[in-house]
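# Quick one, fold the following:
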Amino acid sequence: MAAPAIPTHAGRAAFRSPDFRLYITARWFIVLGIEMQSVAVGWQIYDITHRVLDLGLPGLAQFLPGILLFLVSGHTADRFDRRKVLLFCYSGYALCSGLLLCMALRGSHSVHLIYAVMVLLGVVRAFTGPASRAILPLLVPEEHFPNAVAWNANAFQSATILGPAIGGVVYAISRGPSAVYSCAMAAALGALLSMLRIKPRARMRPREPFNLSTVLAGLRYIWRQKLILGSISLDLFAVLLAGAVALLPAYARDILRTGPWGLGLLRCAPAVGAAMMSVILAYRPLRRRAGAKMLWCVAGFGVSTILFGVSRSLLLSVVSLLLVGAADAVSVIVRGILIQVATPDEMRGRVNAVDMVFIGASNQFGEFESGLTASWFGTIPAVVIGGIGAIVVTAIWAWAFPDLRNADRLISNQS
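Coordinates of the predicted model:
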């Protein structure tokens, strides 16, 4: 007798695919290494310059290549084997960590060299994002894809939890960044080994010419799909205004009076909240009123950011960041399902490249914006103003995008 079929909404349905398990392992290692490295880079830069503005420059250095290359990177993900693209990218991550390690071992105190490596890392990330997201639908059956998106978000967040914590502890124990960069390079090599074993399902894609019309196809598609446009632009402006991650070294040292271990705790707190929410959504997916729930969660993201901004207690700061992460996870998962399910496979790379620019603008450029506003108004006012801005943006988007506000079911076959 054949085994009974696992329901579409079963909590761990996506893990039936060996390729998905390998993909999750590779992604987990990459994110773990990046997050460990980001803690070391932030602490090292602030230790050298003691200027909050400098904390935002690594984000800007990683964001600019994404803006310049997103049309090329999206077309690359649609034209070439996405697995091979990711193999090159994971090798690039290992190279960046190795360069930071060499500088640390030589005792370099030049933040400009660190920024140069961050630019190279931004180039690698520009090509990683579209290929990584576009390959996911080829690893699981279509009916298990929403479940795969939720667990993919969970893997990202669990690595984001451990990465900063491990990075902060290793930095403190080793009294420097060298050991952290060594661990980040080892994590990138682990991801490379996992990706080598993946065999995605073959799907015929037309070999479109490389011209202005084909590279702009993703932009045209998103502009026509107002539901997708509303969801990704909402995330862009809310996180751009309310992102406080870049200022955490200043909060840890100057406001909460803690050390690298405390910074690691603060950095991983949003990921803990997001991981908890992604597990909840894996077992209990959004079936009704998804758009309204997403808008309420983005508003909650702003409120939680304000709470973090005014906190002088490490415990309250951690709790508020937990809520920040949980609220953001809803937006991430809803947007991920909408884009991947609604987009034809031959266009997924280009559409995801556009979405990655939005994400990069909210995260990497948001770090620069946070550093800039903190240098103008002070650290605490910058975070509070950003949280208020996220709430205002949510209200405007709820009015301007009725398709998003009234969105009910994410996919037609969701029961």
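# quick one: the residue lying closest to C96 once chain neighbours are set aside from A61, how far?
Leaving aside its chain neighbours, C96 sits nearest to L121 (4.6 Å; criterion: CB to CB, 6 or more residues apart in numbering). Using the backbone N, CA and C atoms, a C-beta is placed for each residue, glycine as well. According to CB to CB, to the nearest Å, L121 and A61 sit 8 Å apart.
# which of those two has more neighbours?
In this view L121 and A61 are compared by other CB atoms under 10 Å, and L121 has more residues nearby, 25 against 21.
# Report whether the expected contact of the more buried one with Y93 is present.
Yes: between L121 and Y93 there is a contact under CB atoms under 8 Å: 7.5 Å.
# Which neighbouring elements make contact with the helix ranked longest in the chain?
In the chain, assigned by DSSP state H, the helix with the most residues is helix 18-49. Counting contacts by 3 or more CB pairs under 8 Å, 6 or more residues apart in numbering; DSSP states H and E, helix 18-49 is packed against helix 52-79, helix 82-105, helix 111-135, helix 145-174, helix 178-196, helix 248-250, helix 260-283.
# could those helices go into JSON lines alongside mean pLDDT and distance to I337?
Shown next, in JSON lines, are the helices and strands packed on helix 18-49 (pLDDT from 0 to 100; distance: least, CB to CB, whole Å):
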{"stretch": "helix 52-79", "mean pLDDT": "78", "distance to I337": "19"}
{"stretch": "helix 82-105", "mean pLDDT": "93", "distance to I337": "19"}
{"stretch": "helix 111-135", "mean pLDDT": "89", "distance to I337": "12"}
{"stretch": "helix 145-174", "mean pLDDT": "82", "distance to I337": "5"}
{"stretch": "helix 178-196", "mean pLDDT": "93", "distance to I337": "24"}
{"stretch": "helix 248-250", "mean pLDDT": "80", "distance to I337": "30"}
{"stretch": "helix 260-283", "mean pLDDT": "81", "distance to I337": "10"}
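# for those, which one sits closest to T305?
helix 260-283 (10.1 Å; CB to CB).
# Output the contacting helices and strands for the closest one.
Using 3+ CB pairs under 8 Å, 6+ apart, the elements in contact with helix 260-283 are helix 18-49, helix 145-174, helix 248-250, helix 314-342.
# still on that earlier bit, please identify the deepest-packed of the helices and strands packed on helix 18-49.
Mean neighbour count (mean count of other CB atoms under 10 Å) peaks for helix 248-250 among these, with a mean of 25.
# L241 contacts V393, doesn't it?
Yes: counting by CB under 8 Å, L241 does reach V393; the two are 6.6 Å apart.
# Fine by me, we can end here.
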